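Trainee: Need a 3D model of the following:
(chains A, B, C and D)
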Number of protein chains: 4
Amino acid sequence: MAIVLGPFQYGKAETRLVRIVRDTARHEITDLSVTTALRGAFGPAYLAGDQRDVLPTDTQKNSAYVWAKKLNPDPIETWGVALAHHFVDDVEPVESARIEIERFEWTRAVIDGAPHDHTFVRSGQEVRTAAVTLEAAATHVVQGFKDLTVLKSTGSHFKDFLVDEYTTLEPTDDRIMATALTARWRVTDPAVDLDWNAMYAGVRSAMLEQFATLESFALQQTLWHMGRAALEAYPEIAEIRLVAPNKHHFLVDFSRFDEANENEVFHADDRPYGLIQASAVREGAAAAGDAWWSFTPLA
Amino acid sequence: MAIVLGPFQYGKAETRLVRIVRDTARHEITDLSVTTALRGAFGPAYLAGDQRDVLPTDTQKNSAYVWAKKLNPDPIETWGVALAHHFVDDVEPVESARIEIERFEWTRAVIDGAPHDHTFVRSGQEVRTAAVTLEAAATHVVQGFKDLTVLKSTGSHFKDFLVDEYTTLEPTDDRIMATALTARWRVTDPAVDLDWNAMYAGVRSAMLEQFATLESFALQQTLWHMGRAALEAYPEIAEIRLVAPNKHHFLVDFSRFDEANENEVFHADDRPYGLIQASAVREGAAAAGDAWWSFTPLA
Amino acid sequence: MAIVLGPFQYGKAETRLVRIVRDTARHEITDLSVTTALRGAFGPAYLAGDQRDVLPTDTQKNSAYVWAKKLNPDPIETWGVALAHHFVDDVEPVESARIEIERFEWTRAVIDGAPHDHTFVRSGQEVRTAAVTLEAAATHVVQGFKDLTVLKSTGSHFKDFLVDEYTTLEPTDDRIMATALTARWRVTDPAVDLDWNAMYAGVRSAMLEQFATLESFALQQTLWHMGRAALEAYPEIAEIRLVAPNKHHFLVDFSRFDEANENEVFHADDRPYGLIQASAVREGAAAAGDAWWSFTPLA
Amino acid sequence: MAIVLGPFQYGKAETRLVRIVRDTARHEITDLSVTTALRGAFGPAYLAGDQRDVLPTDTQKNSAYVWAKKLNPDPIETWGVALAHHFVDDVEPVESARIEIERFEWTRAVIDGAPHDHTFVRSGQEVRTAAVTLEAAATHVVQGFKDLTVLKSTGSHFKDFLVDEYTTLEPTDDRIMATALTARWRVTDPAVDLDWNAMYAGVRSAMLEQFATLESFALQQTLWHMGRAALEAYPEIAEIRLVAPNKHHFLVDFSRFDEANENEVFHADDRPYGLIQASAVREGAAAAGDAWWSFTPLA
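Mentor: Numbers count the residues shown, from 1 in each chain, chains lettered A, B, ... in the order given. As a prediction, this is how the structure comes out:
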């Protein structure tokens, strides 16, 4: 049986691009890690080292820099679509482009009670992400975030689970539930005037509300309701995927000490951790195509 | 349009399991990170928090520990298949199991010129990996490694590439080529007596030979030939996937200094980096099923 | 010449302790990494393996947990002094104790416009730190933070520096200045009613004001003025030490492209980086003793 | 009381320098992270932003690159002394220089049974380190390594320790002992013909022998004997410092399962961990001066 070339892609990963808007004294900052990947007729490069149709990854990096000047990369989704169009429309051998972006947030330093014009403090909550796939049939934008670390100190149970001969876990009606959530939601062929920043804030808020207010009997349940709420809030979203490590907080055993531990002192454990994946899908929504064929590992 | 539950899985990630064989004074050590994921009829846990069919991730962890006693986890592939069978065969609601393993190598300390019986030094080359998917129709084993960091100091060109208005890279006929390679190759329904350790050594060796001896005109080309060589060496392998960051070593510009730099002094850059993905497929081989549906992010 | 035992210490590092105050429905959370080290007459353990005077590190961990119940660990400085006193006062062979603490901040999730009672989002700005050294002669508290990442997009120059034959850097009158600041300031024999949380906020604010408003001609100068401002604001502080990596943001060269880059598009580089250390000292302040003899590496 | 400038230093950290020797077809590779720091009359830069005496960190980086051409950086200690002399001898305001180096090892790929001329595999055991301090009175070289990860699966006890009311640990006569050792040893005013590579191999070997063969009753004891052995082997060494995290391997409790765990299955825990520091000193050896005033955090 013959051995043949299978799927491939290539590009430039993690270009750390910072864009300052300084048209007025009140500067704006957008801080990104940009990854670009090209898909197309690059077989000869693999099979024979023939580079004639290969746009160097160094050029892809330069293109990202120049596009950050041509178009302010905020929102990142619109900018990513524009950069993808450059590669597909302007570079002959490119059939499809994938743009993956991470955005790091900065907040203005507060000096003398007022937000400063040009001084910023990096805020380290979640990293906002976008992944654009521009292919012949469709444009897919996967908006999302990673590492939104949340915790609720009550309102979470874990009991009535399946027990076998290797089960030693005790059921509980009051535990800490914590996770570093990764969520990604897909919009296919988005409207030109879609307000991506508003959608991001809205989905994040809808998910946080479910996390906080749902009495939880399983992290699985919490995730489903977070995803469902996002799709209910925004009909443009075709599907959402969530990955949640269960960041275990174990109650420290005080039985041999001179104090009681009434759900007050916990050990935050590193490994192993439960890992839960969930997704919610809108029936009849546009097909995903290659929207989930990621270039760098997701999550 | 209705919102419905999409694909899901859950499990225990990164159980750090160390197994000592101490039947004689000459101990053996196997050092693993084990991740288990279950797939099956767990919809009620997501939709309603109903845990009756959910085997806790804590129990999955315990099961891995006990199985490490029942069967020495070397080779990891055979052990992973056995653990997967336990979950699918012994736990009613489980329809399919995924076992992902990382193996960290130790070598015996050399004391007075001889390998010591029970003292080991962690060797930090590549991490060997295995991913077992046991489903109704087939058993898939994806053997592989990550972060095999290799470098050749000559024998690599990069020239005659596509040039556009954003291309500033100079062609070269002699550059350093370096990568931290991730490779994964699939065997479906392996023979019971397949010698996994021999296959691992053989594939690694065949790939290293290509890396070293092929005059390279593109990292793409080198990857393809590494993958092709693996499939040629082992007909059991259905396909192989490679991910290679191009770890750029930039020649330092000495033009303003009192010394010449004749391909001798380089800066090893961190980011951005080229990222190349390739695969080789055996035509007519068994279908992949869910073999590539990973639980933790690959690479 | 004889070989003798030199300085030593031992303890438990990175106990990940989470304390919930749940006396009312409005919970409070304190999330810590606690490290304890003991110094004293432990020579026989080193020289002969005699453990009779050695309190196990496991016991040190337990002690931290129990003390988190006895006394809410907020502020961390007061709690650290109490835990140090336990070791020195209650454990016979202990002559001096060192407690190093990292505090990770959480903010309340905002649900329906209101901060939630028991749901928190991890905020990832700087990590607050404390290091307590309790010795016979004095109690030292080193308050501080690490990784406060700040950036100003103008107001920073670098020019008129020393030039030698290896200097290729161009002077500039307008650059981005960014750093991930570590700062530590010492208070010896603090007053019992010292408001540590207020001091922390006050020092942080005084330093940020200098960073933002000082027209900078060197990161060295900025650091000195940040440190000086802290000591001026709080006469209790004997000295302050600052470590600042210069997180270089390089202007991308657009000279060959169809756009101009007027201080708008930058590459945030990883390595190498300038590294600047500064300190400000109050003349005549109490001596430092072992206050700076850290157990885990600082910064 | 006046506020005055305290100790300071500044430099370039983590220059990732790779040097290839290619005088013959059999290439040699030296892969380094180089950090340089200058100490001297730089007060005006701090107090007033006056840079006239400040050699830019960018120039320090360039100097390291050029010196890697002038002198092959193997052994790293000799090269570090030479680079330090450049800064102190050739740059007027520099009074003292500190050079910190990490060296990453590569081994030749074995192709067709023979070590290849120009293909290398990164070997990931310990990182070799050197820290040179050149000051007016002396030249100090601190040779060492970090993260030498070693494990012995028997021959380690922990018992007869101090017990207080918070002690729950059980004594044991057979445990796994594992650590990721950092060791640093000082030679002051080394002979010009000192064979640094031989010393490195010799000290490493002497320490491994102690780790393997000493029946251990405490990690403290093991460390002391490792340090003592190093000083006995090399009279040039004035002192040695060791830092050893106790990488706990906990025996998994099988009491509720259908198997016995006879010291065979362990959980390798992440945090917290015991942390032990030890040092051995040669009486009457040359004083340390600023040899231990590190620029980047040690260990």
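
Trainee: Neighbours of the residue of chain A found nearest chain D, how many?
Mentor: Nearest residue of chain A to chain D (C-beta to the nearest C-beta) works out as A:Asp270 at 4.1 Å. C-betas here are computed from N, CA, C, even on glycine. By other C-beta atoms under 10 Å in any protein chain shown, the residues close to A:Asp270 number 16.

Trainee: for A:Val187, same thing?
Mentor: Neighbourhood size, A:Val187 [other C-beta under 10 Å]: 23.

Trainee: So in that sheet, which strands flank the helix or strand where A:Arg128 lies, and in what orientation?
Mentor: Using DSSP states H and E, the element containing A:Arg128 is strand A:127-134. Strand A:127-134 has the following sheet partners, assigned by DSSP bridges: strand A:94-104 (antiparallel), strand A:139-152 (antiparallel).

Trainee: picking that back up, assess the claim that the residue of chain A closest to chain D and D:Tyr273 are in contact.
Mentor: No - with contact defined as C-beta atoms under 8 Å, A:Asp270 does not count as touching D:Tyr273 (10.9 Å).

Trainee: list the contacts for A:Asp290?
Mentor: For A:Asp290, the contacting residues are A:Arg39, A:Ser96, A:Arg98, A:Thr133, A:Glu135, A:His140, by C-beta atoms under 8 Å, 6 or more residues apart in numbering or on different chains.

Trainee: hang on, the earlier thing: mind putting the strands paired with strand A:127-134 in TSV, distance to B:Thr213 included?
Mentor: Rendered in TSV, the data for the strands paired with strand A:127-134 read as follows (distance: least, C-beta to C-beta, whole Å):
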stretch	distance to B:Thr213
strand A:94-104	32
strand A:139-152	41
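
Trainee: CSV for those strands, including mean pLDDT?
Mentor: Below are the strands paired with strand A:127-134 laid out as CSV (pLDDT from 0 to 100):
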stretch, mean pLDDT
strand A:94-104, 98
strand A:139-152, 97
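
Trainee: How is the residue of chain A closest to chain D assigned, secondary-structure-wise?
Mentor: coil (DSSP: H, G, I helix; E, B strand; the rest coil).

Trainee: Would you quantify the distance from it to chain C?
Mentor: To chain C, A:Asp270 is 8 Å away according to C-beta to the nearest C-beta, to the nearest Å.

Trainee: name the element A:Asp50 belongs to?
Mentor: With DSSP H and E as criterion, A:Asp50 is part of no helix or strand.

Trainee: Count the neighbours of it for me.
Mentor: Residues contacting A:Asp50 under the criterion other C-beta under 10 Å number 18.

Trainee: tell me the contacts of it?
Mentor: A:Asp50 sits in contact with A:Pro44, B:Asp160, B:Phe217, B:Ala218, where contact means C-beta under 8 Å, 6+ apart.

Trainee: ok, A:Arg122 touching C:Thr179?
Mentor: No - applying C-beta under 8 Å, one finds A:Arg122 not in contact with C:Thr179, separated by 10.5 Å.

Trainee: Mutual contacts of these two, please.
Mentor: With C-beta under 8 Å, 6+ apart, A:Arg122 and C:Thr179 have common neighbours C:Thr149, C:Val150.

Trainee: ok, back up a step: so which of the contacts of A:Asp290 wins on neighbours?
Mentor: Neighbour max across these (other C-beta under 10 Å) = A:Thr133, 29 neighbours.

Trainee: quick one, what contacts the closest residue to that one other than its chain neighbours?
Mentor: Nearest residue to A:Thr133, sequence neighbours excluded (C-beta to C-beta, 6 or more residues apart in numbering or on different chains): A:His140, at 4.4 Å. The contact partners of A:His140, by C-beta under 8 Å, 6+ apart, come to A:Ala131, A:Val132, A:Thr133, A:Leu134, A:Arg186, A:Val187, A:Thr188, A:Ala288, A:Gly289, A:Asp290, A:Ala291.

Trainee: Return the distance of A:His140 relative to chain B.
Mentor: From A:His140 to chain B the distance is 16 Å (C-beta to the nearest C-beta).

Trainee: cool, A:Ser156 as well?
Mentor: Per C-beta to the nearest C-beta, A:Ser156 is found 10 Å from chain B.

Trainee: So what pairs up with that residue in the strands?
Mentor: Here A:Ser156, judged by DSSP bridges, has bridge partners A:Ser216.

Trainee: do you know how far it is from B:Gly49?
Mentor: Separation of A:Ser156 from B:Gly49 (C-beta to C-beta, to the nearest Å) stands at 10 Å.

Trainee: hey, what's in contact with both of these two?
Mentor: Contact criterion C-beta under 8 Å, 6+ apart; residues shared by A:Ser156 and B:Gly49: A:Ser216.

Trainee: my read: A:Arg39 touches A:Ile99, true?
Mentor: No - look at A:Arg39 against A:Ile99 with C-beta under 8 Å: they stay out of range, at 11.9 Å.
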